[in-house]
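Colleague: Sharing a model prediction with you, sequence too.
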Amino acid sequence: MSTVIVPTSPGMRTRRVLSQARFETFAVLRNGEQLLLALILPLGLLVFLSTTPLLEALGAIPEGGDRLSIALPGTLGLCLASTAFTGQAIATAFDRRYGVLAQLATTPLGTTGLILGKLGAVIGVVVLQFALAFAIACGLGFAGPIHVVPLIVATVLGTAALLSLGLLMAGTLRAEATLGAANLVWVLMAGAGGLVLPGTGEWGTVVGYLPSGALGDAMRASLADGWDVKAMIVLLVWGVVGTLAARRWFRFE
């Protein structure tokens, strides 16, 4: 008996990816822990840093700046880290543990469609995060400047770098190890990694070459001077390295 292979049109593949992205997005928004990580903690931090004298006490506000000039870009970077890195690393690791990834990879969606679906979900959640962050910031008195193109480029490069590293972690470590490591890395990025507050001195030079520090620098520049070319290049390099490493070592089972 001969086997009939039904061709798959680009439109069908696109619909499958969009359906997977929609499923992944609603899975995040329905999960209480994911909501805490993706929305409540970053947006709560924005309000806290903008309404308390902590930034002045730390000497983190540049000359001529205000609290929101540091709090808003730090929040945007933390939103990306929460969704593209920590959230996806944990969700993917447990999908892998329970065999979901292995099953989806053999469906018409395929491995590439699965990855594109996750990327689409990240983009959808990030758009929501950014919209809420800017709305809250405007309510607190933020009046710009906003350099749209550098902000978009920093967001894309930061998403690529953090998502590839999150998938690398999820595809090589056990689910329980990924859960602990991803949360620990999130805390380190937020606290000392240059993501929320700019690094100073020699430590600031070091973290500037890490994904968290480069993303923080790029976000701060996009809401101040415009471009931080060095930070963009660092993010691009991390994105390429993370993607190649994930393709090489990611295991679906």
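Modeller: Yep, it's here. As the structure is a computational prediction, the values presented were derived from the model and not from experiment.

Colleague: can I assume residue 183 is in contact with residue 89?
Modeller: No - judged on CB atoms under 8 Å, residue 183 makes no contact with residue 89 at a distance of 9.4 Å. All C-beta spots, glycine's among them, are computed from the backbone N, C-alpha and C.

Colleague: Can you pick out the residue with more neighbours from those two?
Modeller: residue 89 (28 against 14; other CB atoms under 10 Å).

Colleague: what about residue 63, which SS state?
Modeller: Following DSSP: H, G, I helix; E, B strand; the rest coil, we place residue 63 in the coil state.

Colleague: Could you do residue 167 as well?
Modeller: Following three-state DSSP, we place residue 167 in the helix state.

Colleague: Model confidence for it, exactly?
Modeller: pLDDT, residue 167: 91.

Colleague: Next, count neighbours for it.
Modeller: Around residue 167 there are 26 residues (other CB under 10 Å).

Colleague: I'd say it and residue 251 touch.
Modeller: No - Residue 167 is not in contact with residue 251 according to CB under 8 Å; the separation is 11.1 Å.

Colleague: Which helix or strand in this structure has the lowest average pLDDT?
Modeller: helix 100-105 (a mean of 73; mean pLDDT, DSSP states H and E).

Colleague: Counting by contacts, list what that one packs against.
Modeller: Contact partners of helix 100-105 among helices and strands, from 3 or more CB pairs under 8 Å, 6 or more residues apart in numbering; DSSP states H and E: helix 88-97, helix 110-139.

Colleague: how far is it from where the chain is centred?
Modeller: 23 Å (CA atoms, centre = their mean, to the nearest Å).

Colleague: Number of residues surrounding residue 35?
Modeller: Using other CB under 10 Å, residue 35 has 15 neighbouring residues.

Colleague: swap in residue 180?
Modeller: Neighbours of residue 180 using other CB under 10 Å come to 12.

Colleague: For it, what is the enclosing helix or strand?
Modeller: Assessed by DSSP states H and E, residue 180 sits inside helix 175-191.

Colleague: Now that helix: buried residues?
Modeller: Of the residues in helix 175-191, those buried by neighbour count under the rule 16 or more other CB atoms under 10 Å are 175, 178-179, 181-182, 185-186, 189-190.

Colleague: what would those residues look like in CSV with pLDDT?
Modeller: Converted to CSV, those look like this (pLDDT from 0 to 100):
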residue, pLDDT
175, 90
178, 93
179, 92
181, 94
182, 93
185, 94
186, 93
189, 93
190, 91
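
Colleague: Would you format those as JSON lines with distance to residue 77 included?
Modeller: As requested, the buried residues of helix 175-191 are exported to JSON lines (distance: CB to CB, whole Å):
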{"residue": "175", "distance to residue 77": "26"}
{"residue": "178", "distance to residue 77": "21"}
{"residue": "179", "distance to residue 77": "22"}
{"residue": "181", "distance to residue 77": "20"}
{"residue": "182", "distance to residue 77": "16"}
{"residue": "185", "distance to residue 77": "14"}
{"residue": "186", "distance to residue 77": "11"}
{"residue": "189", "distance to residue 77": "8"}
{"residue": "190", "distance to residue 77": "9"}
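
Colleague: any idea which of those is closest to residue 162?
Modeller: residue 189 (9.1 Å; CB to CB).

Colleague: I'd assumed residue 212 was in contact with that closest one.
Modeller: Yes - assessed by CB under 8 Å, residue 189 is found in contact with residue 212 at 3.8 Å.
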